[in-house]
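Enquirer: sequence first, then the predicted structure, then my questions.
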Amino acid sequence: QVQLVESGGGLVQAGGSLRLSCAASGRTFSRYGMGWFRQAPGKEREFVAAISTSGAYTNFADSVKGRFTISRDNAKNTVYLQMNSLKSEDTGVYYCAAVLGTARTMPSMTPLTSDAWGQGTLVTVSS
């Protein structure tokens, strides 16, 4: 099983960019579909993006399509979330998640149903 550690969060002005990283432990990272979720203050957690084991398949929430990209480097055991044209509504804690074998089920994953879930990194977008 992998363990996940997110980094790269911070304070950014609206319209700016940030790149989040999620580093995974273990030697089986390439077997996991990876995803990002976020939770804004007072709101429910929501799916943001997912990527397959090879990187060939990606999926995005409608709210971030065209602004966010997801990528992975299996040699570095890391998945990235590049966030551009940030809006105040992108503010929240961003979590990384792993699902063994597939990324297609990622939107329905929770900390209990996924194979791994990170501790989160805070992104604050000021308007």
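Expert: Cool, the structure landed.
Enquirer: does the residue nearest in space to the middle of the chain have beta-bridge partners, and which?
Expert: Residue closest to the mean C-alpha point of the chain, counted by C-alpha atoms, centre = their mean, is Trp36 at 2.2 Å. With beta bridges defined as DSSP bridges, Trp36 has these partners: Ala49, Cys96.
Enquirer: what residues are up against it?
Expert: Leu20, Cys22, Val48, Ala49, Ala50, Ile70, Val79, Leu81, Tyr94, Tyr95, Cys96, Ala97 (C-beta atoms under 8 Å, 6 or more residues apart in numbering). All C-beta atoms are positioned from the backbone trio N, CA, C, and that covers glycine.
Enquirer: mind putting the residues you listed in a markdown table, pLDDT and neighbour count included?
Expert: As requested, the contacts of Trp36 are exported to a markdown table (pLDDT from 0 to 100; neighbours: other C-beta atoms under 10 Å):
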| residue | pLDDT | neighbour count |
| --- | --- | --- |
| Leu20 | 98 | 24 |
| Cys22 | 98 | 27 |
| Val48 | 98 | 26 |
| Ala49 | 98 | 26 |
| Ala50 | 98 | 26 |
| Ile70 | 98 | 22 |
| Val79 | 98 | 30 |
| Leu81 | 98 | 27 |
| Tyr94 | 98 | 24 |
| Tyr95 | 98 | 23 |
| Cys96 | 98 | 28 |
| Ala97 | 98 | 27 |
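Enquirer: which one of the residues you listed is nearest Ala103?
Expert: When the contacts of Trp36 are compared for distance to Ala103 (C-beta to C-beta), Ala50 wins out at 4.3 Å.
Enquirer: dump the contacts of Trp36 to CSV, plus distance to Leu112.
Expert: Shown next, in CSV, are these (distance: C-beta to C-beta, whole Å):
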residue, distance to Leu112
Leu20, 23
Cys22, 19
Val48, 19
Ala49, 20
Ala50, 18
Ile70, 23
Val79, 21
Leu81, 22
Tyr94, 19
Tyr95, 13
Cys96, 16
Ala97, 11
